[in-house]
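S.K.: dropping the sequence and predicted coords here.
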Amino acid sequence: MTLEELGFDERMAKYRKEHHLDSFLTGRVTSEHKERYIVKTSEKEYDSEIVGNLRFTANSREDFPAVGDWVAISEYNEDEALIHAIYPRKTILERQAVGKHGEKQIIATNIDFAFIVLAIDRDFSINRIERYLTICNNSKVSPYIILTKIDLIDEGELSSLVSKVQERIPHIPLFTISNENLSGIKKVREVIKKGKTYCLLGSSGVGKSSLSNILSGNNSMKTDIISSSTNRGKHVTSHRELLILENGGILIDNPGMREVGMADVGKGLEETFDTIYELSKDCKFKDCTHINEKGCAVIDAIENGDLAISTYENFLKMEREKSHFESTVAEKRKKDKQFGKMMKNFKKDQGKL
Ligand SMILES: Nc1nc2c(ncn2[C@@H]2O[C@H](COP(=O)(O)OP(=O)(O)OP(=O)(O)O)[C@@H](O)[C@H]2O)c(=O)[nH]1
Ligand SMILES: [Zn+2]
């Protein structure tokens, strides 16, 4: 296996040269478990950890490796390595960490395309598609939508679902598939390009593993467990999350996400709800919240039937989450700063003793 087959490109090669990383081995993080990382090189897989230096300078989660990262490593045992550096990330897919306020969680890095996967049964929700879409838009990852389990409904039901999605989300390619009878799979295969990295986003149970097994021609992924023991006698078991597909694409299968929080989505919302942003240019007030203002072009559009109320409601909900996230982050920064000051004074005082 070459590094190119794992997704290594000229941009990374240039960085390696410029930063004198040629003396290290180059590999890609394929899974992560409690600060241990499986790194795949052109030769083999290493059970790796980061060097102390990298750990001490790390300020946040983003400074640690994540699945999809390119890293510079050195072998210190037959199957063990140290991670010395993380290559700059082309893209970072992230969400707000569940349960932890104001902390982002990296889903995966260096992703080119995302498949947003939903089942047509009880999981189906256009609001959820818009959430995933916003995450993709914010990280410049190109999205595709895949509706699974279409074998469970008839053609009429399917076409009405498809038109509902396309009415609200007109510009994103949509696939409808069945992992049971394989209908629609061929079309998905056709868009997958060699050397590009794909990621599956979707709740638990929607058929992501079934789909990745089909695309990778490997029927044992669930049992494909990497197990190795380290020199400290620690035992590491992890699920392999990065797969090479039959047609040369690279697929990252992610753990199901019951909750997709709006992290620092920046311009992502703007892109997902571009109609609303376009309309808002005509609002009377520059800081219009589109809730109850006079001369609000967004509210006018709803009243005229030019904008779906469901789109509007989801937009408001996600806006609220976004500002909540931003204020908790600001709060946390303030506290950290105060703590830093306190420690500084404390050290100063100690110096006087
Ligand atoms: N009828 C039908 N069942 C499907 C289809 N795809 C998956 N399933 C079933 O749905 C269940 C969940 O499928 P998985 O592939 O494990 O779903 P997942 O998204 O990987 O779920 P997690 O592993 O929990 O993240 C399994 O029982 C599958 O057999 C489909 O296209 N049609
Ligand atoms: Zn307005």
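M.R.: Ah, there it is. Quick caveat, the model's predicted, so the values are computed rather than measured. Ligands and ions are numbered 1, 2, ... in the order given.
S.K.: what are the bridge partners for the closest residue to residue 89 other than its chain neighbours, then?
M.R.: In this structure, residue 89 finds its nearest non-sequential neighbour in residue 109, 4.5 Å apart by C-beta to C-beta, 6 or more residues apart in numbering. Yep, even glycine has a C-beta here, placed from its N, CA and C like the rest. Beta-bridge pairing for residue 109 (DSSP bridges): residue 92.
S.K.: what residues are up against residue 109?
M.R.: 66-69, 89-93 (C-beta atoms under 8 Å, 6 or more residues apart in numbering).
S.K.: same question, residue 108
M.R.: Residue 108 touches 66-68, 93, 199, 241, 252, 254, counting by C-beta under 8 Å, 6+ apart.
S.K.: could I get the CA-only coordinates of the helix or strand harbouring residue 133 as PDB?
M.R.: Using DSSP states H and E, the element containing residue 133 is helix 126-139. Once non-C-alpha atoms are left out, helix 126-139 reads as follows in PDB (Å, rounded to 0.1, in the frame of the first residue of the first chain):
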ATOM      1  CA  ILE A 126     -34.900  16.900   7.300                       C
ATOM      2  CA  ASN A 127     -33.900  19.100  10.300                       C
ATOM      3  CA  ARG A 128     -31.200  16.500  11.000                       C
ATOM      4  CA  ILE A 129     -30.000  16.700   7.400                       C
ATOM      5  CA  GLU A 130     -29.700  20.500   7.800                       C
ATOM      6  CA  ARG A 131     -27.600  20.000  10.900                       C
ATOM      7  CA  TYR A 132     -25.100  17.700   9.300                       C
ATOM      8  CA  LEU A 133     -25.100  19.900   6.300                       C
ATOM      9  CA  THR A 134     -24.100  22.900   8.400                       C
ATOM     10  CA  ILE A 135     -21.300  21.000   9.900                       C
ATOM     11  CA  CYS A 136     -20.000  20.100   6.400                       C
ATOM     12  CA  ASN A 137     -20.400  23.600   5.100                       C
ATOM     13  CA  ASN A 138     -18.500  25.000   8.000                       C
ATOM     14  CA  SER A 139     -15.600  22.600   7.400                       C
END
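S.K.: pick out the most distant pair among the contacts of residue 109.
M.R.: The span of the contacts of residue 109, defined through C-beta to C-beta, is set by 67 and 90 at 13.9 Å.
S.K.: quick check, nearest of the contacts of residue 108 to residue 124?
M.R.: So of these, ranked by how close each gets to residue 124 (C-beta to C-beta), first place is residue 254, at 19.4 Å.
S.K.: can you check the pLDDT for the residue most central in space within the chain?
M.R.: In the chain, the C-alpha nearest the mean C-alpha coordinate belongs to residue 93, at 3.0 Å (C-alpha atoms, centre = their mean). Here the pLDDT value assigned to residue 93 is 87.
S.K.: these two touch, right, it and residue 111?
M.R.: Yes. Counting by C-beta atoms under 8 Å, residue 93 touches residue 111, with 5.6 Å between them.
S.K.: anything in contact with each of these two?
M.R.: Joint contacts of residue 93 and residue 111 (C-beta under 8 Å, 6+ apart) are 139, 141, 199.
S.K.: who wins on neighbours among the residues you listed?
M.R.: Within the shared contacts of residue 93 and residue 111, most neighbours by other C-beta atoms under 10 Å means residue 199, with 28 neighbours.
S.K.: what sits up against the helix or strand that contains it?
M.R.: Using DSSP H and E, residue 199 sits in strand 197-201. Applying C-beta under 8 Å, 6+ apart, the external contacts of strand 197-201 come out as 7, 68, 93, 107-108, 110-117, 132, 135-136, 141, 192, 208, 211-212, 245, 249-254, 257.
S.K.: helices of the stretch 151-300 of the chain, start to end?
M.R.: 155-168, 185-191, 208-216, 268-272, 274-280, 297-303 (DSSP state H, counting those that start in this stretch).
S.K.: distance of the residue nearest to the centre of the chain relative to residue 210?
M.R.: 22 Å (C-beta to C-beta, to the nearest Å).
S.K.: that older thread, quick one, which of the contacts of strand 197-201 are buried?
M.R.: 7, 68, 93, 107-108, 110-117, 132, 135-136, 141, 192, 208, 211-212, 245, 249-254, 257 (16 or more other C-beta atoms under 10 Å).
S.K.: what residues does the stretch 201-350 of the chain put near ligand 1?
M.R.: Taking C-beta under 6 Å from any ligand atom as the criterion, the stretch 201-350 of the chain approaches ligand 1 at residues 202, 204-210, 256.
S.K.: just the closest of those to residue 56, please.
M.R.: Once C-beta to C-beta is applied, the member of those that ends up nearest residue 56 is residue 256, at 33.9 Å.
S.K.: what about the stretch 51-200 of the chain, any weak spots by pLDDT?
M.R.: 96-103 (pLDDT under 70).
S.K.: in it, what residue comes closest to ligand 2?
M.R.: residue 130 (19.3 Å; C-beta to the ion).
S.K.: report how many residues lie close to that residue.
M.R.: 22.
S.K.: pretty sure it contacts residue 272?
M.R.: Yes. With contact defined as C-beta under 8 Å, residue 130 reaches residue 272; the gap is 5.6 Å.
S.K.: how about the residues of the protein near ligand 2?
M.R.: 283, 288, 290, 296, 298 (C-beta under 5 Å from the ion).
S.K.: show me what contacts the third one?
M.R.: The neighbours of residue 290, taking C-beta under 8 Å, 6+ apart as the test, are 276, 280, 283, 296, 298-299, 312, 316.
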